[in-house]
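Participant: here is a sequence with its predicted model. Questions after.
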Amino acid sequence: MLLKKIVYTHLIPISIALIVTVFISKIFNEHNFELQINPHTVKAFTYVDRFYADRIDNQFAFSFALKRKIPIILGSSELTSDHLEALPKHFFKTEHSFSLGHAGFQSLAMLSSLAANRPLIKNSKLTIILSPGWFEKQYSSGTSLNSFFEFCPPNYLYQINQDKLLDADTKSHIQNYIRANYDKISSPNAVIRIMGRKSVSQETSFMNWPYDFFDNKEIQFMEQVDFRLISQKTILNALVKQPTDDYYFHNRKVNWDSLMDDSKNQFKRISNNNSLSVENSYYSEWLKNKPKKKLEYVEGKFNQELNDFYALVNFLKVNQCKAQFVIMPLNAKAHENLSVLKPTINCIHQALLDANFNVLDLFTPNVESYEDGILEDIMHPYNLGWYKIDKFILDNFNDDK
């Protein structure tokens, strides 16, 4: 039975892979498909929502930004508010910044995208935006499988698996995620199969040896013929060897008081049909005549997102990143019981202080201390909120100090 299972699960897929990848390899060779390092093209990228399987230019742009120590912002749905002038990609247009993320880009996906770039991240300038909503019951189960693969495509996962210098805790944390979600993954490749069974007990390791053997053979073959699988490794090797000056981030002189006062006045004009301090059309569509949103606390040991956050902080500390964090507010006027999140926020804040990372903590559960206009709706920053983040970035990462 074991031999039959190996034939169906390994030998037949490998044979099919041989035919397909040889054909793909022929196409790549005929078109001289190779990695081109073109800083001018890469500089055009200021925002990437996710990584796409059929292209590597946006992956290269992210790696290049890490290499050059360009200020990078990692966040989720707030980065898609393209209409706001204070969004970093707009505000820092005269300088240079790079933003990555959209809805669902939570702690584990961030950890994985950075782990796949480990050789480049020492002293990288990262601003990581945390949403308190991630740690509430609805999202506390952590990064979804779909979001994980949006930010950790096959070439990233291959790089993580083969990186012998990646710290054991980080690799184990990502492997545990693969193992826990393995049954939900359709058509797992050899890398996923290897990572999915790494944590088995010693008693069953002998039974897994044939599977590991054939999976490793398949990976070795794919390394020779599948450029996309090894593309991140190729990017890293090229950038590590390439002499590149670090980007100089100028401390632009900004009249912050004027910008923030103007933003407050603008927000008053667009939020005058409600008392919840949200933009008018958002209120009319989502909140009018509806009860306030009620949140539910999740204890730390059961909060997967919190554990993923701890793993992210540990990775950044071990790899000596110049990381800083923004803890976003939630709209205290539109939520019923934000105070239930305060113990979790305190744990987050303490973990960051213990790791010596700067923190901009904008969260408050109190209506009295909530600042109108800092958010556009119940969770996404308006210009006022973004100006506070922009100032945090410029104050801590400028090179004119």
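Facilitator: Sure, I can see it. Numbers count the residues shown, from 1 in each chain.

Participant: can you give me the strands in the stretch 251-400 of the chain?
Facilitator: Ranges of strands within the stretch 251-400 of the chain are 322-327, 358-361, based on DSSP state E, counting those that start in this stretch.

Participant: show me where this protein dips below the pLDDT cut-off.
Facilitator: Residue ranges of the chain with pLDDT under 70: 1-43, 198-207, 209.

Participant: about what we covered before: mean neighbour count added to the strands of the stretch 251-400 of the chain, as JSON lines?
Facilitator: (Each C-beta comes from the backbone N, C-alpha and C, glycine too.) As requested, these are arranged in JSON lines below (neighbours: other C-beta atoms under 10 Å):
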{"stretch": "strand 322-327", "mean neighbour count": "22"}
{"stretch": "strand 358-361", "mean neighbour count": "17"}
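
Participant: okay if I get the ones you listed as JSON lines plus distance to residue 260?
Facilitator: What follows is the strands of the stretch 251-400 of the chain, written out as JSON lines (distance: least, C-beta to C-beta, whole Å):
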{"stretch": "strand 322-327", "distance to residue 260": "16"}
{"stretch": "strand 358-361", "distance to residue 260": "14"}
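
Participant: any idea which of those gets closest to residue 224?
Facilitator: The minimum distance between residue 224 and the strands of the stretch 251-400 of the chain falls on strand 322-327, with 36.7 Å, by C-beta to C-beta.

Participant: distance across stretch 358-368, terminal residue to terminal residue?
Facilitator: End-to-end distance of stretch 358-368 (C-alpha to C-alpha, to the nearest Å): 26 Å.

Participant: then stretch 259-278?
Facilitator: So stretch 259-278: terminal residues 19 Å apart, C-alpha to C-alpha.

Participant: buried ones in that stretch?
Facilitator: 259, 260, 263, 264, 267, 271, 274, 276, 277, 278 (16 or more other C-beta atoms under 10 Å).

Participant: just to revisit the earlier point, which one of the strands of the stretch 251-400 of the chain lies closest to residue 283?
Facilitator: So among the strands of the stretch 251-400 of the chain, strand 322-327 is nearest, using C-beta to C-beta, at 24.9 Å.

Participant: in its sheet, what does that closest one sit against?
Facilitator: strand 125-130 (parallel), strand 358-361 (parallel) (DSSP bridges).

Participant: nearest to residue 306 among those would be which one?
Facilitator: Of these, nearest to residue 306 by C-beta to C-beta is strand 125-130, at 10.6 Å.

Participant: and that closest one, how far from the chain's centre?
Facilitator: 9 Å (C-alpha atoms, centre = their mean, to the nearest Å).

Participant: contact partners of that strand?
Facilitator: By C-beta atoms under 8 Å, 6 or more residues apart in numbering, the surrounding residues in contact with strand 125-130 are 69-76, 78-79, 107, 110, 114, 249, 309, 312, 316, 321-328, 348, 389, 392-393, 397.

Participant: contacts only, for residue 358.
Facilitator: 324, 325, 392, 396.

Participant: residues in contact with residue 349?
Facilitator: By C-beta under 8 Å, 6+ apart, the neighbours of residue 349 are 327, 359, 361.

Participant: ok, then the element right after the lengthiest helix in the chain?
Facilitator: Counting by DSSP state H, the longest helix found in the chain is helix 202-225. Beyond helix 202-225 on the C-terminal side, the first helix or strand identified by DSSP states H and E is helix 231-241.

Participant: counting contacts, what elements does that following helix pack onto?
Facilitator: Applying 3 or more C-beta pairs under 8 Å, 6 or more residues apart in numbering; DSSP states H and E, we find helix 231-241 packed against helix 57-68, helix 154-162.

Participant: may I see the buried residues of it?
Facilitator: 231, 232, 233, 234, 235, 236, 238, 239.

Participant: leaving out chain neighbours, which residue sits closest to residue 74?
Facilitator: residue 128 (4.8 Å; C-beta to C-beta, 6 or more residues apart in numbering).

Participant: with adjacent residues omitted, what lies nearest to the residue positioned nearest the centre of the chain?
Facilitator: Centroid-nearest residue in the chain, with C-alpha atoms, centre = their mean: residue 110, separated by 2.8 Å. Nearest residue to residue 110, sequence neighbours excluded (C-beta to C-beta, 6+ apart): residue 74, at 5.3 Å.

Participant: I'd like to know how far the one you found sits from residue 227.
Facilitator: 27 Å (C-beta to C-beta, to the nearest Å).

Participant: with that, I have no additional questions.
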